[in-house]
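Participant: Structure of the sequence below:
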Amino acid sequence: MTGIQKLAALMSGARVALGVGLTVAPSRAAGGWLGADSSRPATQVAIRALGARDAVIGAGGLMAATSGRGLRSWMAAAAVSDLADALASLAAGDSLPPRGRIGVVALASGAAVACAAVATASAD
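Facilitator: Here you go, the predicted model:
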């Protein structure tokens with residue numbers, strides 16, 4: 001495995017873990033981001049769907065990193081989904097707890113840049 005593949009595997013594994021957490025324990029995993037709304041049943045539907053999305057993108061990234069095929073596409077998908085998370089959090093404005101909004105915007109933006117960089121550096 002190349003250094004880029006190892007980095008992609010690490011990032012993808014973290015995405016799988018986050019996705020599983022959001023799917024299995026939506027209120028606990030998203031409470032800091034969404035505040036009290038994370039415990040609402042209707043909100044948990046969206047949190048679980050988001051978790052499934054991240055788990056699938058992470059699993060695809062892991063498979064691509066270990067096989068050496070398709071890594072650029074999976075990491076680009078991860079970058080786009082992270083950018084969407086950051087923009088959605090910005091658009092929500094004051095409806096989100098300030099700490100959660102700032103944290104998710106910072107984390108998701110950084111992840112989007114990192115995933116885009118890995119996608120660009122990928123050999124495939």
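Participant: Return the residues in contact with the closest residue to Arg28 other than its chain neighbours.
Facilitator: Spatial nearest neighbour of Arg28, chain neighbours left out: Gly21 (7.6 Å); criterion: C-beta to C-beta, 6 or more residues apart in numbering. For every residue, glycine as well, the C-beta is placed using N, CA and C. The contact partners of Gly21, taken as C-beta atoms under 8 Å, 6 or more residues apart in numbering, are Arg28, Ala29, Gly51.
Participant: how far away is Gly21 from Ala86?
Facilitator: 19 Å (C-beta to C-beta, to the nearest Å).
Participant: what's the answer for Asp54, then?
Facilitator: Distance from Asp54 to Ala86, by C-beta to C-beta: 14 Å.
Participant: So which of those two has more stuff around it?
Facilitator: Asp54 (25 against 19; other C-beta atoms under 10 Å).
Participant: Pull the contacting residues for Met1.
Facilitator: Ala9, Ala65, Thr66, Gly68.
Participant: mind checking pLDDT for it?
Facilitator: With respect to pLDDT, Met1 has a value of 91.
Participant: Great, nothing more from me.
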